[in-house]
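Engineer: Here is the input, now give the coordinates:
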Amino acid sequence: MKALTIGLILFGLLGIAVVGMCAENKEVSQGAQGSSAASEDVLIQQGPALIAEGNYKRVLDLIEDLPLKARNNIQIRTLECFANLKGWLSVKDQVYKMNWWGLRLKLMYVGDTEATPMLVIFLKDKDPYVRKYAAELLGYIGDERALDDLREVGKNDKNSGVRRYAKWAYKQISGGSPVASGLPPLTAPRVQIPVKMEVVGPIDTSKCISFVNSTSEFKMMFLIAHDYKKYYADFESWADIIIEQLETELQKRGVRVITPAGTAANRVVIGVLNLEEGETTNTRQKQKKALMEKLRLKPLVRIVDIPEYSSLSDLKKNGYEKAERYKNNYQVDMVLHVSQTESVYNFSLIDLYTRKVNEVSMQTETGFIDELTFAKLSNKVLVIQYLNSVVSAKKKASGTKEGQVKPESDYIFNVSVQDAKLIQGAWATRCIVNVLVERDDGIWSHTYEGNNASPASIERAIDGAVYRVVEAIIADRGFRNAISQ
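Structural biologist: Have a look, this model is predicted:
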């Protein structure tokens, strides 16, 4: 009896302890989201000082612990970039170097002005390499808020290399727009190779589906050195293009697909009209195709084909009524109108939120639009400050700060490029790309590989590999079940 009494007392005490632990865990769970946001804010405030003190590993560990949404904050990515630079300068570890280089290139291409306050802090770091590369990024981003700091550094910094970079950056910004001519070549799928119906037939499903780009890798990825050039890839842009092809192929096979083109709150969706009448229809289509291939290399944008022609005056009539129709029908944020006068191309980019039109003309020697490089188009047409203002207007209009707004469909599929390689052989270049597709509810997922070699060019190898991935996805019995059940 005595033993039974002691046992009951111990059981009661244990029960109280367990209840207390559960209540404590519940409080921790409820506070997790708030603590994550707090950690993000604290890291943004204290990160530059930690890096300056040599605690770059601590910063990278803290970034690794953040949820993906917090990691994608451009200021956090800027911290990650300079923590890796500090790691490379401190221990000469190639992993730090490759991570820093890839992050640096992505920040250059994206050109997000949200990075400016963090870069201005790094502009005052005690390490001259940190100051130099902070000035360089400010020059590419082109935010006028940095002009006073760049002027000061350009005049008074003790290091001549830092002064030179700061003066260069000041000149780029005060000259009107950032440059893109110094950026290395980007590779991306350019030509959609259709999957024939006899290869993959109709798909029987009553469900409506959507695709969302879930690529988490922010930095540019090195692919290959070829003909004395280093080629990089932006996996986020690759996934956008693969999603576009999947949507097209599934719609051809009777699947109802809600395109998420307008749902990415941090992307600008640009619809490209048919070129103004001039050459033959075949030539105009080739010119438009060449233009869209280059525009797609810009990480901040998604390019949508509008297979119609309209004059600029018609687009502006009745309060931009026709342009607004394109916005609704194609889910675009901007419309690009292109006309040609002899060897001069006139670009008119219409912001469908503010109804402002950015107009620029570019001279060619041959009269063909493919003479215009990505650098020129990025610098003159897709001006980063203009695109950033559209992103802000888009978020304000949608009433959300989220990176993605979920489409209204039965099933949502996340698509992400996990890896890609270019392998140079004796007679051909081979591209291997791995793409993860997963249903949003976690019921199903699968990784697909596209493998293709081309003796013609790097671009053909990539286009073929992406074709094989798309074919493998829509032909897969597991995917067909996932969109049906």
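Engineer: Against Phe222, how distant is the residue found closest to Arg355 once you drop the neighbours it is linked to in the chain?
Structural biologist: Of all residues not flanking Arg355 in the chain, Tyr320 sits nearest, at 5.3 Å (Cβ to Cβ, 6 or more residues apart in numbering). (Glycine included, C-beta is placed from N, CA and C.) With distances taken as Cβ to Cβ, to the nearest Å, Tyr320 is found 43 Å from Phe222.
Engineer: just Lys396 next, same as before
Structural biologist: 37 Å.
Engineer: do Asp305 as well
Structural biologist: Asp305 is 30 Å from Phe222, by Cβ to Cβ.
Engineer: what helix or strand is Lys230 on?
Structural biologist: strand 229-233 (DSSP states H and E).
Engineer: Adjacent strands (with direction) for that strand?
Structural biologist: If you go by DSSP bridges, strand 229-233 pairs up with strand 186-187 (parallel), strand 221-226 (antiparallel).
Engineer: burial measure for the closest residue in space to Gly139 that isn't next to it in sequence, as a count.
Structural biologist: In this structure, Gly139 finds its nearest non-sequential neighbour in Ala169, 3.1 Å apart by Cβ to Cβ, 6+ apart. The local packing of Ala169 (other Cβ atoms under 10 Å) involves 30 other residues.
Engineer: Check which helix or strand Ala169 maps to.
Structural biologist: Using DSSP H and E, Ala169 falls in helix 160-174.
Engineer: Which parts of this protein are strands?
Structural biologist: 186-187, 208-213, 221-226, 229-233, 256-257, 268-272, 301-305, 334-341, 344-351, 357-363, 411-424, 429-439, 445-454 (DSSP state E).
Engineer: Against Lys298, how distant is His337?
Structural biologist: Look at His337 and Lys298: by Cβ to Cβ, they are 18 Å apart.
Engineer: Pull the number of nearby residues for Lys126.
Structural biologist: 8.
Engineer: how about the CA coordinates for stretch 149-160, as PDB?
Structural biologist: Extracted in PDB, the C-alpha atoms of stretch 149-160 (Å, rounded to 0.1, in the frame of the first residue of the first chain):
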ATOM      1  CA  ASP A 149      28.600  58.500 -50.100                       C
ATOM      2  CA  LEU A 150      30.300  57.600 -53.400                       C
ATOM      3  CA  ARG A 151      31.500  61.200 -53.900                       C
ATOM      4  CA  GLU A 152      33.000  61.200 -50.500                       C
ATOM      5  CA  VAL A 153      34.800  57.800 -50.900                       C
ATOM      6  CA  GLY A 154      35.900  58.800 -54.400                       C
ATOM      7  CA  LYS A 155      37.600  61.900 -53.000                       C
ATOM      8  CA  ASN A 156      39.000  60.800 -49.700                       C
ATOM      9  CA  ASP A 157      39.500  57.000 -49.500                       C
ATOM     10  CA  LYS A 158      43.100  56.100 -48.700                       C
ATOM     11  CA  ASN A 159      43.100  53.200 -51.200                       C
ATOM     12  CA  SER A 160      43.500  54.200 -54.900                       C
END
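Engineer: ok, residues contacting that stretch?
Structural biologist: 120, 123-124, 128, 131-132, 135, 138, 162-163, 166-167, 169-170, 173 (Cβ atoms under 8 Å, 6 or more residues apart in numbering).
Engineer: Mind listing what's buried along that stretch?
Structural biologist: Using 16 or more other Cβ atoms under 10 Å as the test for burial, stretch 149-160 gives 149-150, 153-154, 157.
Engineer: Please name the bridge partners of Asn451.
Structural biologist: Under the criterion used (DSSP bridges), Asn451 bridges to Ile432.
Engineer: Wait, it touches Ala465, no?
Structural biologist: Yes - contact criterion Cβ atoms under 8 Å: Asn451 and Ala465 qualify, at 6.3 Å.
Engineer: intersection of neighbour lists for these two?
Structural biologist: Common neighbours of Asn451 and Ala465 (Cβ under 8 Å, 6+ apart) are 431-432.
Engineer: more crowded one of the two?
Structural biologist: Shown here are Asn451 and Ala465; by other Cβ under 10 Å, Ala465 has more neighbours (26 against 16).
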